[in-house]
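> 3D, please:
(chains A, B, C and D)
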Number of protein chains: 2
Amino acid sequence: MANIHDVARVAGVSISTVSYALSGKRPIGEKTRLRIDEAVRELDYMPNAAGRMLAGTRTRIFALTAPLRSDTYAPAHMAFVLSVVTAARKYDYDVLLLTEDEATDGLRRVSSSRLVDGIIVLDVSMNDERADLVRSLGVPAALIGVPRNAEGLVCVDLDFEAAAGLAVDRLVDAGHTSLALLGHPAAVYERGSNFPMRFRDGFLRRAAEREVAASFTMVEKEAAQVRSALAELLDADQAPTGLVVHGEEGVHKTLLDAVAGRGLSIPGDLSIIAGVPTFDTSAFTPPLNVIPLIPADSCTRAVELAVQQLDGAVAPRVELVAPRYRDHGSVAAPRPGP
Amino acid sequence: MANIHDVARVAGVSISTVSYALSGKRPIGEKTRLRIDEAVRELDYMPNAAGRMLAGTRTRIFALTAPLRSDTYAPAHMAFVLSVVTAARKYDYDVLLLTEDEATDGLRRVSSSRLVDGIIVLDVSMNDERADLVRSLGVPAALIGVPRNAEGLVCVDLDFEAAAGLAVDRLVDAGHTSLALLGHPAAVYERGSNFPMRFRDGFLRRAAEREVAASFTMVEKEAAQVRSALAELLDADQAPTGLVVHGEEGVHKTLLDAVAGRGLSIPGDLSIIAGVPTFDTSAFTPPLNVIPLIPADSCTRAVELAVQQLDGAVAPRVELVAPRYRDHGSVAAPRPGP
DNA sequence: CTGAAAGCGCTTACAG
DNA sequence: CTGAAAGCGCTTACAG
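Prediction:
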């Protein structure tokens, strides 16, 4: 395999000229450049990665730590992982994948051996030991998700409060005055992640601001529980006409079944918006309006912030990504009351 | 950050002694080793990865190319990716993740820049351009899955034929004389992957060998189609009493619903075995006996074969991983005939 | 059992 | 606009 000396010899220049020509870090004469380009092509030269790493200041590798917790939804997880890789490649960075069982040891290892220039931390939970580790390592890092203690860290996450607020706005704008949020199982609110809480709080706050009735119900996954939660809501006085659902894919499907089972049509009798799912709600029957959790949005920004840290200090921050709304026809004006 | 010279100075030895002490490649005197160990601890020394790569013969990094095709089942895909990383770590290897959109370019890049020592190719399809590329690159590589042209390549895969044969054996051993295989949708057999075919062939061959009646039906995903396929089988003369199911998670669930809907019990009226799923059939109602596709089995072996190629040539091969059988109580003797 | 030294393949001041 | 040379941090013959 050809090295930089071979290229220099064939092109009749010094290796530093080859290096500069390839990196573009200093101007190269027209004819010189052409000869180098040709030598590179002729020899099928590609710079040796280890040589670059050692001589340069960058390894051009990021570590990605992506735990697969039991409550992680695999397709979403995968989408995040791939989005990080895709975003990193735009900056000519490769991504080293670290798994859960080596979460902190792996981070320690790749950063103290200088294998990586920085770290992307995926799926950060409230009490995430990786957050504290990253802080103490002092390595460039961007977290996707917000730990309880985000001091000194660069975090990116969807603006869950705004997302819930957006759902409320769309329903209220359509004329609804009684809303309900069907949330995750109770255990989720007691445990690690904080985004279900942020979503719930955003929902209730915005509903209050818009001066509409609003309720919040935690829904267990079992079909029977979903059905009874729905029944309880719809059979009450002042039954909500607009629902926001924040839960797993299965819960959405069961819910839609249950709604149909009660002879209700969407959006004729009931308007529904899916809150920050990572799955596709446009294939549901009927398709649901949605405020999706878009992996590429957070991941692109996280990679960007990691790259920026390499060139200079980036102020610690929690950066919230704006939610988006997609209309699939599941929201309409409520039926006129009796 | 401390380097090897710092350690040598603190320990009062030469850097070569430090290097050998750390690598264990030559015997070191008792006291010398202790002083080095202490210096390492005191300085919190960790060898620089780029330095090792450049001076040594290994980068200790494998590339993993893991396309996410539309028909890929994400949770399984993720399990394979994580299994590769976990297996690689056992050999002190890290894993660089390459995505679909950079599949061949990425492989070319990381191998000609010598960033990686070898390549693990995931989810190989019949006509996989990555297979041809890997062959032409001449880089150590292990493929998981078998391309149409496997010449010169090291491939690992589940023995799908044996898996289907095992399912047949278990049913026949239990006393069944009429079996049916419910397979994937027709499109799957017309397209890329070859394992559904191998599973089907193994099923039919073993059934013939065991001299029992056997049928094969391709089943579309829609619930109605699953129900009608089942009805057609069970309403026939000589209806099968033992089913093997090779399909997606949803199809299994629909099938179990349909069986229950017909008032049939498992395994009382019908014995069922799930063929090579990547999901958990023990949580179904009822739990299903299963010949699982175990990511760790294939991935561990693939990584092992990749590592072996670094030390010496490994003969090209298609190595089939033996299937395993897990009993969850969904197979019993058939009801005595009328 | 240990050391001095060459060399891996680059990048980047320094110099002209 | 270009080159000679130092140096990044290791590993590994070579030598004793």
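
> where do the strands sit along chain A?
A:61-65, A:94-98, A:118-121, A:141-144, A:154-158, A:178-183, A:213-218, A:242-245, A:271-275, A:289-291, A:317-321 (DSSP state E).

> can you put these in TSV and add distance to chain B and mean pLDDT?
Where C-beta positions appear, they are placed from N, C-alpha and C, glycine not excepted. Putting these into TSV (distance: least, Cβ to the nearest Cβ, whole Å; pLDDT from 0 to 100) gives the following:
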stretch	distance to chain B	mean pLDDT
strand A:61-65	7	97
strand A:94-98	5	97
strand A:118-121	12	97
strand A:141-144	16	96
strand A:154-158	20	96
strand A:178-183	23	96
strand A:213-218	22	94
strand A:242-245	20	96
strand A:271-275	19	95
strand A:289-291	19	96
strand A:317-321	22	96
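
> return the residues in contact with the closest residue to DNA strand D within the stretch 201-338 of chain A.
Using Cβ to the nearest atom of the strand, the single residue of the stretch 201-338 of chain A nearest to DNA strand D is residue A:310, 17.0 Å away. By Cβ atoms under 8 Å, 6 or more residues apart in numbering or on different chains, the residues touching residue A:310 are A:58, A:117-118, A:140.

> cool, residue A:111 as well?
A:63, A:119, A:137, A:139.

> again with residue A:201
By Cβ under 8 Å, 6+ apart, residue A:201 lies in contact with A:161, A:164.

> do that again at 10 Å, thanks
Contacts for residue A:201 (Cβ atoms under 10 Å, 6 or more residues apart in numbering or on different chains) come out as A:160-161, A:164-165, A:194, A:216.

> domain ranges for chain A?
Split into domains by automatic domain parsing, chain A comes to A:4-47, A:61-158+A:295-321, A:160-291.

> distance of the closest residue to DNA strand D within the stretch 101-250 of chain A relative to chain B?
Nearest to DNA strand D, among the residues of the stretch 101-250 of chain A, is residue A:114, at 7.6 Å (Cβ to the nearest atom of the strand). Residue A:114 sits at a distance of 5 Å from chain B (criterion: Cβ to the nearest Cβ, to the nearest Å).

> residue A:212 now?
Going from residue A:212 to chain B by Cβ to the nearest Cβ gives 37 Å.

> centre of the chain to the lowest-mean-pLDDT helix or strand in chain A, how far?
The helix or strand of chain A with the lowest confidence, counting by mean pLDDT, DSSP states H and E, is helix A:186-190 at a mean of 85. On the basis of Cα atoms, centre = their mean, to the nearest Å, helix A:186-190 sits 21 Å off its chain's mean C-alpha point.

> and it, what does it pack onto?
Using 3 or more Cβ pairs under 10 Å, 6 or more residues apart in numbering or on different chains; DSSP states H and E, the elements in contact with helix A:186-190 are helix A:195-209, strand A:213-218.

> Throw the contacts of residue A:310 into CSV and include distance to residue A:207 and neighbour count, thanks.
CSV is the format used below for the contacts of residue A:310 (distance: Cβ to Cβ, whole Å; neighbours: other Cβ atoms under 10 Å in any protein chain shown):
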residue, distance to residue A:207, neighbour count
A:58, 49, 13
A:117, 45, 21
A:118, 40, 24
A:140, 40, 23
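
> export those residues to TSV and tack on distance to residue B:336?
Formatted as TSV, the contacts of residue A:310 follow (distance: Cβ to Cβ, whole Å):
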residue	distance to residue B:336
A:58	74
A:117	71
A:118	69
A:140	72
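
> quick one: which of those residues is nearest to residue B:234?
Using Cβ to Cβ, residue A:118 is the member of the contacts of residue A:310 that lies nearest residue B:234, at 59.1 Å.

> who's in contact with that closest one?
Here residue A:118 is in contact with A:58-59, A:61-63, A:88, A:93, A:111, A:134, A:139-142, A:154, A:303, A:305-307, A:309-310 (Cβ under 10 Å, 6+ apart).

> return the distance of it relative to DNA strand C.
The gap separating residue A:118 from DNA strand C is 17 Å, by Cβ to the nearest atom of the strand, to the nearest Å.

> ok, residue A:250 - contacts?
A:221-223, A:226, A:279.

> who wins on neighbours among those?
Neighbour tally across the contacts of residue A:250 (other Cβ atoms under 10 Å in any protein chain shown): the maximum, 24 neighbours, falls on residue A:226.

> ok, and the closest non-adjacent residue to it?
residue A:254 (4.4 Å; Cβ to Cβ, 6 or more residues apart in numbering or on different chains).

> quick check: the one you found touching residue A:228?
No - Residue A:254 is beyond contact range of residue A:228, at 11.3 Å (criterion: Cβ atoms under 10 Å).

> more neighbours: these two, which one.
Comparing residue A:254 with residue A:228 by other Cβ under 10 Å, the one with more neighbours is residue A:254, at 21 against 14.

> how many neighbouring residues does the closest residue in space to residue A:208 that isn't next to it in sequence have?
Nearest residue to residue A:208, sequence neighbours excluded (Cβ to Cβ, 6+ apart): residue A:214, at 7.4 Å. Residues within reach of residue A:214, counting by other Cβ under 10 Å, total 22.

> who does residue A:214 bridge with?
Residue A:214 forms beta bridges with residue A:179, as assigned by DSSP bridges.

> ok, it - contacts?
Neighbours of residue A:214 in contact, by Cβ under 10 Å, 6+ apart: A:168, A:171-172, A:177-181, A:203-208, A:240, A:242, A:244.

> how about residue A:286?
Residue A:286 touches A:256, A:259-260, A:265-267, A:272, A:328-330, counting by Cβ under 10 Å, 6+ apart.

> just checking, residue A:51 touches residue A:59?
No - at 11.6 Å, residue A:51 and residue A:59 do not qualify as touching, with contact defined as Cβ under 10 Å.
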